[in-house]
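Visitor: What follows is a predicted structure for the sequence shown.
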Amino acid sequence: MIDPAPPDRTLTGCSRRRLLCGVLETALVGLVGSSPLVAAATDTDPRKLPPQRGDELAYSSDDGGNVVTAAEIKLHAAPIIVYPRDPLTQVIRERSRLNQILLLRFTSEELSAETRANAADGLVAYSAICTHAACGVSEWNATTLHLICPCHASQYDPRQHAVRVTGPAPRALPALPIKQTGKTLTITGPFSGQVGAEKS
Ligand code: FES
């Protein structure tokens, strides 16, 4: 069963921050279907650069552009989508969909050792781009606590380094190592693997 969108953060029936916007997300993927689907960032536009060590996690400009505070992420709630933000310039790296990051909270005890190594006191961050054909991983099962890609139903377990549970995805979602700095969250290294689909 798919968890419904939180009523306090809906926009035309679909939260901009939270997931569960499968239909809209899938449509968006269709619109950008001719865009590169793999991480090959050669652009020096800071808004397109991949996550940099020391970047903060922040909401998109459309969602206000503020940094995310750890307290906003509730245990087992549907993930929110955030982006890297340069703490010096406040530039949000939101011009590349490859920089979309899923942010979730578990207890540290629920996490595998590998997952805990990249987590900040139970908070985990992953690429939001499916490793099968680069759709947005935009759905959440609140019962199994699995992330779901609506395009071909791949599922990932965010407690186990986002390993593929079912579906055609060939590998786990890349993890993004983070730490808590005061009330906010800071990126401590690059994604653990290639974001998006493999080059053919
Ligand atoms: S693109 Fe995600 S399962 Fe196919």
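Guide: Done, it's in. The structure displayed is predicted, hence computed values, not measured ones.
Visitor: Need the nearest residue in space to L185, chain neighbours excluded.
Guide: Once flanking residues are discounted, L185 sits nearest to L57: 4.5 Å by Cβ to Cβ, 6 or more residues apart in numbering. From N, CA and C alone the C-beta is placed, and that goes for glycine too.
Visitor: Give me the pLDDT for that neighbour.
Guide: On the pLDDT scale, L57 is placed at 98.
Visitor: Could you measure from it over to N141?
Guide: Counting by Cβ to Cβ, to the nearest Å, the gap from L57 to N141 is 23 Å.
Visitor: could you dump stretch 139-147 to CSV, C-alpha only?
Guide: Only the C-alpha atoms of stretch 139-147 are listed here, as CSV (Å, rounded to 0.1, in the frame of the first residue of the first chain):
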residue,chain,number,x,y,z
GLU,A,139,7.1,6.5,-4.6
TRP,A,140,7.3,5.2,-1.1
ASN,A,141,5.8,2.1,0.6
ALA,A,142,5.2,3.1,4.2
THR,A,143,4.7,-0.6,5.2
THR,A,144,7.8,-2.2,3.8
LEU,A,145,9.8,1.1,3.9
HIS,A,146,10.9,0.6,0.4
LEU,A,147,11.6,3.2,-2.3
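Visitor: Any regions of the protein where pLDDT drops low?
Guide: Counting by pLDDT under 70, the chain contains low-confidence ranges at 1-43, 200.
Visitor: how about the helices in it?
Guide: If you assign secondary structure with DSSP state H, the helices in the chain sit at 22-31, 113-118.
Visitor: Quick check: residues of the chain near the ligand?
Guide: Counting by Cβ under 6 Å from any ligand atom, the residues of the chain close to the ligand are 130, 132-133, 135, 149, 151-152, 154, 167-169.
Visitor: need the contact list for H161.
Guide: 112, 114-115, 118, 172, 175, 192 (Cβ atoms under 8 Å, 6 or more residues apart in numbering).
Visitor: try it again with 10 Å
Guide: For H161, the residues meeting the contact criterion (Cβ atoms under 10 Å, 6 or more residues apart in numbering) are 111-118, 124, 126, 172-175, 192.
Visitor: L111 too?
Guide: Residues counted as contacts of L111 (Cβ under 10 Å, 6+ apart) are 117-119, 122-124, 158-161.
Visitor: what's the distance between I187 and the ligand?
Guide: In this structure, I187 and the ligand are separated by 24 Å, where distance is defined by Cβ to the nearest ligand atom, to the nearest Å.
Visitor: Please disregard the earlier target; I meant A175.
Guide: A175 sits 17 Å away from the ligand, going by Cβ to the nearest ligand atom.
Visitor: now do F106
Guide: Distance of F106 to the ligand, given as Cβ to the nearest ligand atom: 22 Å.
Visitor: same question, D55
Guide: If you measure D55 against the ligand using Cβ to the nearest ligand atom, the figure is 26 Å.
Visitor: tell me the contacts of that residue?
Guide: By Cβ under 10 Å, 6+ apart, the contact set of D55 is 49, 83-88, 91-93, 99, 176, 178, 185-188.
Visitor: are any of the residues you listed buried, and which?
Guide: Applying 16 or more other Cβ atoms under 10 Å to the contacts of D55, the neighbour count classes 49, 83-87, 91-93, 99, 176, 178, 185-188 as buried.
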